[in-house]
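Visitor: here's my sequence, what's the structure:
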Amino acid sequence: MKENIFREYDIRGIYPSEINETVAYTIGRSYGSYLQEKLNQKTCIVSHDNRLSSPVLAAYLMKGLTDSGLNVYNYGLTTTPMHYYARYIHNMFGIMITASHNPKDENGFKFSFDALANARGKMIADFKNYTFAGRFLSGNGTVSVGNITEKYVEFIRYGLEFGRHKRKVIIDVGNGTTSIVARKIFEKVNVDFEIIYEESDGHFPNHHPDPSVEANLESLKKAVIQNKADCGIAFDGDGDRIGIVDENGKCVPIDHFMILIIRDIIKNVKNKTFLYDVKCSKALEDEIKKLGGTSICYRTGASYTQAKVKEENLPFGGEYSGHLFFRDKIADMGSGIYAGLRLLEILSKTTEPLSKLLSDIPKYYSTPEIKFPSPDNVKFDVIKQIKEFCETKRWVLNTIDGVRVSFNTGWALVRASNTGPNITMRCEANTPEGLQNLQTIFTNLINTYNK
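Guide: Numbering: from 1, shown residues only. Model prediction:
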């Protein structure tokens, strides 16, 4: 087993060279032993996404779990948010087999050790050490099979109040796991919808299953314009991220959508503090302050975001990649589909187009998230060297996650990706010229140290 598959938020790698049946069995033995020995648990939840390798990995994982003596509730094929719901209703920990938005030949395991969120940071480091020590329990656990779909379809609509304006939406499930449940959910709300790429297919034949990358939304843009829809929404491979397109076929930045949500809920929530990650635009900070709220700029990562939102009892928080967590109507709802329903709920109460609702957001010029290939054993040292360089310049730094450098004219972020062998960069400025200047400075810095 390779150590590099243990990442900041999960276990993840290429199938079958890094993640395979033997690894799945070993992770099962280790997780089952850890839950019993460290947390006094007898049973856990197991689910998997629709990647081609997921069913066989699930079988070997459950064999490892039961050979450790742990019992298993097997919910089979689910989205990641459905898996979270299964954990919630059983009050249990669990493992979701998925590589989320990563390419089709990757897979992995999202797993939990507390009620806040998936394992993260030190939790995963400790579990890695426990796994490599190899002192596992033995036993004869059992497997019970369940289905969460119908309960989840009802749960996800709780508290939604649609207005009288029935809007048209194009939904791109990208052949991912939301294909098993999206139609059942949207049929039960007051929307006119069409779904593209609805067939569940782990080959992801039409586009890469990551809606945070604009190139993956080209078909959705065209479908929205051709069908004169009010918006388009897309989900990633396991259903916990959202991407949005307005009525003109233009991508809506997730931090702008977060502004729309905060505007909608701030008058109705007691705690007016909202969380966003270091990749988000200053426009979000500006708007929260304008509305009389308080902002928290936090580190990237769905598990970190979810845990912090719950720890601080915040009504809403999210990150630029499309992970959004709502707690204003229903406790701890983190789902791409639910985020899409909240958008449609807002649109159903007005006749204004989505682009008009977003038109007064402060204008900044920004890059997309730019990736620079960098091996896992190199990328963190590159960020360390860039941080030291910025400190010698006495620039204003936020180092909670990588290095975010703030200037009077804008900001730049460089950080090591926790889901792949990359360094990521994002810049934002008041003017196009300022943006180009920041992008040049920090691209040169990355290239200088990334050797």
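Visitor: hey, where'd the helices end up in the stretch 151-300 of the chain?
Guide: 182-186, 218-226, 254-265, 282-290 (DSSP state H, counting those that start in this stretch).
Visitor: determine which stretch of the ones you listed is the most buried.
Guide: Comparing the helices of the stretch 151-300 of the chain by mean neighbour count (mean count of other Cβ atoms under 10 Å), helix 254-265 comes out on top with a mean of 22. Any C-beta I mention is one placed from the backbone N, CA and C, and that applies to glycine too.
Visitor: tell me what angle it forms with helix 282-290.
Guide: 20 degrees (axes from the mean of the first three to the mean of the last three Cα atoms, to 10 degrees).
Visitor: count of residues packed around residue 69?
Guide: Neighbour count of residue 69, defined by other Cβ atoms under 10 Å: 18.
Visitor: ok, the closest residue to it other than its chain neighbours - contacts?
Guide: Distances taken as Cβ to Cβ, 6 or more residues apart in numbering put residue 139 closest to residue 69, at 2.1 Å, once the chain neighbours are dropped. For residue 139, the contact set (Cβ atoms under 8 Å, 6 or more residues apart in numbering) comprises 66, 67, 68, 69, 70.
Visitor: turn the residues you listed into JSON lines, columns for secondary structure.
Guide: Listed next are the contacts of residue 139 as JSON lines, based on DSSP: H, G, I helix; E, B strand; the rest coil:
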{"residue": "66", "secondary structure": "helix"}
{"residue": "67", "secondary structure": "helix"}
{"residue": "68", "secondary structure": "coil"}
{"residue": "69", "secondary structure": "coil"}
{"residue": "70", "secondary structure": "coil"}
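Visitor: out of the helices of the stretch 151-300 of the chain, nearest to residue 81?
Guide: Smallest distance to residue 81 across these (Cβ to Cβ): 11.0 Å, for helix 182-186.
Visitor: and that closest one, how far from the chain's centre?
Guide: 20 Å (Cα atoms, centre = their mean, to the nearest Å).
Visitor: measure residue 173 to residue 204 for me?
Guide: Distance of residue 173 to residue 204, computed by Cβ to Cβ, to the nearest Å: 11 Å.
Visitor: more neighbours: the two, which one.
Guide: Shown here are residue 173 and residue 204; by other Cβ under 10 Å, residue 173 has more neighbours (27 against 20).
Visitor: just give the nearest non-adjacent residue to the more buried one, would you?
Guide: Counting by Cβ to Cβ, 6+ apart, the residue nearest residue 173 is residue 179, at 4.7 Å.
Visitor: residues in contact with the one you found?
Guide: 50, 173, 197, 198, 199, 200.
Visitor: just the endpoints, please. Distance across stretch 8-28?
Guide: 19 Å (Cα to Cα, to the nearest Å).
Visitor: run the chain-centre distance for it.
Guide: Counting by Cα atoms, centre = their mean, stretch 8-28 comes out at 20 Å from the chain centroid.
Visitor: is it correct that residue 269 is in contact with residue 329?
Guide: No - using Cβ atoms under 8 Å, residue 269 is not in contact with residue 329; the gap is 9.7 Å.
Visitor: and the residue positioned nearest the centre of the chain, how close does it get to residue 301?
Guide: In the chain, the centroid-proximal residue (Cα atoms, centre = their mean) is residue 323; its distance is 3.8 Å. Distance of residue 323 to residue 301, computed by Cβ to Cβ: 8 Å.
Visitor: just residue 249 next, same as before
Guide: Where residue 301 is concerned, residue 249 sits at a distance of 30 Å (Cβ to Cβ).
Visitor: show the contacting residues for the nearest residue to residue 190 once chain neighbours are set aside.
Guide: Distance criterion Cβ to Cβ, 6+ apart; nearest residue to residue 190, sequence neighbours excluded, is residue 162 at 4.4 Å. Neighbouring residues of residue 162 by Cβ under 8 Å, 6+ apart: 189, 190, 191, 344, 345, 348, 349.
Visitor: next one, pLDDT for residue 162 please.
Guide: What the model reports for residue 162 is a pLDDT of 97.
Visitor: residue 421 too?
Guide: Value for residue 421, per-residue pLDDT: 89.
Visitor: my guess is it contacts residue 382, does it?
Guide: No - Residue 421 is beyond contact range of residue 382, at 11.6 Å (criterion: Cβ under 8 Å).
Visitor: which one's more surrounded, those two?
Guide: Neighbour totals were compared for residue 421 and residue 382, and residue 382 leads with 22 against 15 (other Cβ under 10 Å).
Visitor: tell me the spacing between the more buried one and residue 447.
Guide: Here the criterion is Cβ to Cβ. By it, residue 382 lies 10 Å from residue 447.
Visitor: so what's the residue count around residue 190?
Guide: Neighbouring residues of residue 190 were enumerated by other Cβ under 10 Å; the total is 14.
Visitor: that one contacts residue 349, correct?
Guide: No - counting by Cβ under 8 Å, residue 190 does not reach residue 349; the two are 11.1 Å apart.
Visitor: more neighbours: residue 249 and residue 301, which one.
Guide: Neighbour comparison, residue 249 and residue 301: the larger count goes to residue 301, with 25 against 17 (by other Cβ under 10 Å).
Visitor: before we move on, back to that, who touches both of residue 421 and residue 382?
Guide: Residues touching both residue 421 and residue 382 by Cβ under 8 Å, 6+ apart: residue 374.
Visitor: so what's residue 161 up against?
Guide: Contact analysis of residue 161 by Cβ under 8 Å, 6+ apart lists residue 345.
Visitor: renumber starting at 53 from here on
Guide: Noted, 53 is the first residue going forward, which turns the last one into residue 213.
Visitor: that one and residue 207, how far apart?
Guide: Per Cβ to Cβ, residue 213 is found 16 Å from residue 207.
Visitor: before we move on, what about residue 353?
Guide: 25 Å.
Visitor: over to residue 469?
Guide: 33 Å.
Visitor: one more: residue 227?
Guide: Counting by Cβ to Cβ, the separation of residue 227 from residue 207 is 25 Å.
Visitor: who's more crowded, those two?
Guide: Using other Cβ under 10 Å as the criterion, residue 227 and residue 207 rank with residue 227 on top: 23 against 17.
Visitor: leaving aside the residues next to it on the chain, what's closest to the more buried one?
Guide: Once flanking residues are discounted, residue 227 sits nearest to residue 253: 4.1 Å by Cβ to Cβ, 6+ apart.
Visitor: for the residue lying closest to residue 320 once chain neighbours are set aside, grab phi and psi.
Guide: For residue 320, ignoring the flanking residues on the chain, the nearest one in space by Cβ to Cβ, 6+ apart is residue 380 at 6.9 Å. Phi and psi for residue 380, reported as degrees, to the nearest 10, are phi -90, psi -30.
Visitor: which residues does residue 380 contact?
Guide: Residue 380 makes contact with 317, 320, 321, 367, 368, according to Cβ under 8 Å, 6+ apart.
Visitor: okay then, goodbye and thanks.
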